[in-house]
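Student: build the 3D model from these lines:
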Amino acid sequence: MSDELRRHIRQELEKATFKIIIENEMVGTGFFISHDGYFLTACHCVTDMRLGGDTKFFLTLEFFNGGRLEDEVFFDEAKSNLKLDLAVIKSNYNPKACLPLGRITKDHIESEITALGYPAGNKEGRGLGFYKGTIPRFIENNRQQFETSLAIQGAGQSGGPVYHYGTHRVVGLVQEQYNPNVMSSAGLALRFDSLFEQWHELKAMNDEAAETWDRQIRPFIKKDQPEAKCGRILPKLCNREDQTIKFWHFFTNTAKECPQRPHFYFIHGNSGSGHESFIIRMTEENIKKYAEDKWQKEKSSVCRVEVHWPDTGDIETRKISLKWGPFLKFNKGFAEPECSLSDLQGLCDKHQFVAICYNMDVSKWKKTDEDLLRWYMEEYWAGFECSSDIPRFLIFFNLIYPQSSVFSFMQRIKKIFGCHCFSKECVHELAENTADTCPCMPEIELKPLSLKDLEHWFEEYRQCVKENNPRVIKSIFKRCKTAEAIEKELEKLIEFHNRE
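Tutor: Sure thing, here's the model as predicted:
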């Protein structure tokens, strides 16, 4: 990794990391994870402020450049985890810089990390520190923490981020340093698996932070790596010629006949079938090329955002959440109470196409989901036309089916007892009802990937990827049960190729 790339990463990390001061006493480190003011730290750093059970209290954030912010913050008990020493806190400050979270596995043992923080930060002149180290091992039967070597230096660093250079994500939160009599220069950091499981909206919010982060460091990574000899290599398979042709035929015809109306696409497939891959392939390859041909390459922009499908609360509350979802993405976590689709258009006018993606678990489908979907298509979007040629909205619904055969059995039981369950007929009916106002493609079926699909990928990139013998290909296909698992293997091959 070049010095220029490291320097840029360091500059971006320090913008989002700060010292936490309570009643003129330095208590730890924190870092922002969203533009609407959410930050993480260790619970033990703010314990004294919560002795009376208070969820609101005042503290001071001191940044690397000496700037200070006094703020009344909200300790979010529902998202925090006292047992794991993880505090999720909401500030009134809207930071320009925030850090993307990531997960690690045993494959990342021995890889390089940097932990930030303010060890001995209560002593004058001690600014933000960057401490390089490695991940020496995971702790057996402990999914929550991992060990660090050299990266954690002492009190005051608790709550700081642990940045992983291999994935370019913050993969841990500093918790404690080992007693030197037990192990020297080592400590423990908290992983974020449980946070993602507990906080369902975090994934969509983190995807936005990750997209911004990747865009900022991408120019430096490109300088740091030789270009692929055969152009850009995508780990996304999607060798689904039938689905691609059908999508492309519908998209081009609709874009020509209804240029200012939104399109709806329903993508059906089992869990792990690569719903996201299909959308990435369509937006980054097909739709991007369409935009370049129509508006010239330097002026074309295709934006893709994942928005949470509201699955709790009464129908009216869910309508508000559904309406606000895209606004929170494009307006730094803020939405006006009476925001309209015309307002959304104004926020997105830098893009030629905006793809809004919802993930919907079919096994949890209820009557309220059907009612909400009908309202969203037949009332909220119906009749809306962009006042100008851009942006054009594409709404994707990823309908995710469980792989287990138990699902089909439960569906039959529900029908016997008169319980409401998901049906494709409902989607087709919606498509017919909105045909004149919102063009809809009700069924794109993602079939399981075959060995032939994988062989096609290796054939396409045979000049770049060396591991293309039949034995390797069959081995990958045999041990990876889903499209998503296969794509992770291909990402590793691409990573290896770029290092060569």
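
Student: going forward, measure contacts between C-alpha atoms and count neighbours the same way
Tutor: Fine.

Student: now residue 59. Nearest residue, chain neighbours left out?
Tutor: residue 22 (5.0 Å; Cα to Cα, 6 or more residues apart in numbering).

Student: one more: residue 195?
Tutor: Nearest non-adjacent residue to residue 195 (Cα to Cα, 6+ apart): residue 79, at 7.5 Å.

Student: go ahead and confirm residue 372 touches residue 315.
Tutor: Yes: under the criterion of Cα atoms under 8 Å, residue 372 makes contact with residue 315 at 6.9 Å.

Student: where do the helices sit along the stretch 51-200 of the chain?
Tutor: 193-198 (DSSP state H, counting those that start in this stretch).

Student: er, the stretch 201-350 of the chain actually
Tutor: 202-224, 241-257, 275-281, 288-295, 315-330, 341-347.

Student: make CSV from the ones you listed and add mean pLDDT, mean neighbour count and distance to residue 455 to it.
Tutor: Output for the helices of the stretch 201-350 of the chain, formatted as CSV (pLDDT from 0 to 100; neighbours: other Cα atoms under 10 Å; distance: least, Cα to Cα, whole Å):
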stretch, mean pLDDT, mean neighbour count, distance to residue 455
helix 202-224, 84, 16, 28
helix 241-257, 83, 14, 14
helix 275-281, 83, 19, 17
helix 288-295, 84, 16, 26
helix 315-330, 88, 17, 38
helix 341-347, 85, 15, 42
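
Student: hmm, what's the outermost residue in this structure?
Tutor: Centroid-distance maximum for the chain: residue 181 at 40.4 Å, with Cα atoms, centre = their mean.

Student: phi and psi next, for that one.
Tutor: phi -70, psi -20 (degrees, to the nearest 10).

Student: quick one: least confident helix or strand in the protein?
Tutor: For the chain, counting by mean pLDDT, DSSP states H and E, helix 406-416 ranks last in confidence among helices and strands (a mean of 53).

Student: now stretch 374-381: buried residues?
Tutor: 374, 377-378, 381 (16 or more other Cα atoms under 10 Å).

Student: tell me the contacts of the most centrally placed residue in the chain?
Tutor: Centre of the chain computed as the mean C-alpha position; nearest residue by Cα atoms, centre = their mean is residue 207, 2.4 Å away. Neighbouring residues of residue 207 by Cα atoms under 8 Å, 6 or more residues apart in numbering: 100, 306.

Student: shift numbering so it begins at 563
Tutor: Sure, I'll start numbering at 563, so the last one becomes residue 769.

Student: distance of it from residue 904?
Tutor: 25 Å (Cα to Cα, to the nearest Å).

Student: could you do residue 640 as well?
Tutor: 34 Å.

Student: do the same with residue 660
Tutor: 28 Å.

Student: now stretch 928-945: mean pLDDT?
Tutor: What stretch 928-945 shows for mean pLDDT is 89.

Student: between the two ends of it, how far is it?
Tutor: End-to-end distance of stretch 928-945 (Cα to Cα): 27 Å.

Student: repeat that for stretch 739-752.
Tutor: Per Cα to Cα, the first residue of stretch 739-752 is 12 Å away from its last.

Student: and what of stretch 600-609?
Tutor: Start-to-end, stretch 600-609 (Cα to Cα) is 18 Å.

Student: for that stretch, buried residues please.
Tutor: For stretch 600-609, by 16+ other Cα under 10 Å, it's 600-608.

Student: hmm, back to that, export the helices of the stretch 763-912 of the chain to CSV and tack on distance to residue 1009?
Tutor: Output for the helices of the stretch 763-912 of the chain, formatted as CSV (distance: least, Cα to Cα, whole Å):
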stretch, distance to residue 1009
helix 764-786, 26
helix 803-819, 9
helix 837-843, 11
helix 850-857, 25
helix 877-892, 29
helix 903-909, 34
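
Student: between those, which gets nearest to residue 1043?
Tutor: helix 837-843 (15.2 Å; Cα to Cα).

Student: and the chain, what are its domain boundaries?
Tutor: The chain breaks down by automatic domain parsing into domains covering 668-677+690-760, 811-1007.

Student: nearest to residue 579, out of those?
Tutor: domain 668-677+690-760 (7.4 Å).

Student: mean confidence score for the closest one?
Tutor: So the average pLDDT for domain 668-677+690-760 ends up being 91.

Student: follow-up on the earlier one: indicate which one of the domains of the chain is closest to residue 629.
Tutor: domain 668-677+690-760 (12.6 Å).

Student: next, the contact list for residue 713, please.
Tutor: 675-677, 693-696, 747-749.

Student: residue 877 now?
Tutor: If you count contacts by Cα under 8 Å, 6+ apart, residue 877 has them with 930, 934.

Student: so what's residue 653 up against?
Tutor: 598-601, 633-636.

Student: just the buried subset of these, please.
Tutor: By 16+ other Cα under 10 Å, the contacts of residue 653 give 598-601, 635-636 as buried.

Student: just these now: which is nearest residue 726?
Tutor: Distances from residue 726 to the buried ones among the contacts of residue 653, taken by Cα to Cα, are shortest for residue 601, at 18.6 Å.

Student: identify the bridge partners of that closest one.
Tutor: Using DSSP bridges, the bridge partners assigned to residue 601 are residue 594, residue 651.

Student: just residue 678 next, same as before
Tutor: According to DSSP bridges, beta-bridge pairing links residue 678 with residue 692.

Student: residue 626 versus that one, what's the distance?
Tutor: 11 Å.

Student: compare these two (neighbour count), which wins?
Tutor: More crowded of residue 678 and residue 626, by other Cα atoms under 10 Å: residue 678, with 31 against 15.

Student: that one touches residue 712, doesn't it?
Tutor: No: between residue 678 and residue 712 there is no contact under Cα under 8 Å: 11.9 Å.

Student: quickly list what's touching both of these two.
Tutor: The contact lists of residue 678 and residue 712 share residue 693, where a contact means Cα under 8 Å, 6+ apart.

Student: so what's residue 694 up against?
Tutor: 674-677, 712-713.

Student: would you reformat those residues as CSV and include distance to residue 956?
Tutor: Output for those, formatted as CSV (distance: Cα to Cα, whole Å):
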residue, distance to residue 956
674, 40
675, 39
676, 39
677, 40
712, 48
713, 45
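
Student: of these, just the buried ones, ChimeraX syntax please.
Tutor: Selecting the buried subset of the contacts of residue 694 in ChimeraX, with 16+ other Cα under 10 Å as the burial test, is done by:
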select :674,675,676,677,712,713
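
Student: what is the nearest of the contacts of residue 694 to residue 647?
Tutor: residue 677 (17.5 Å).
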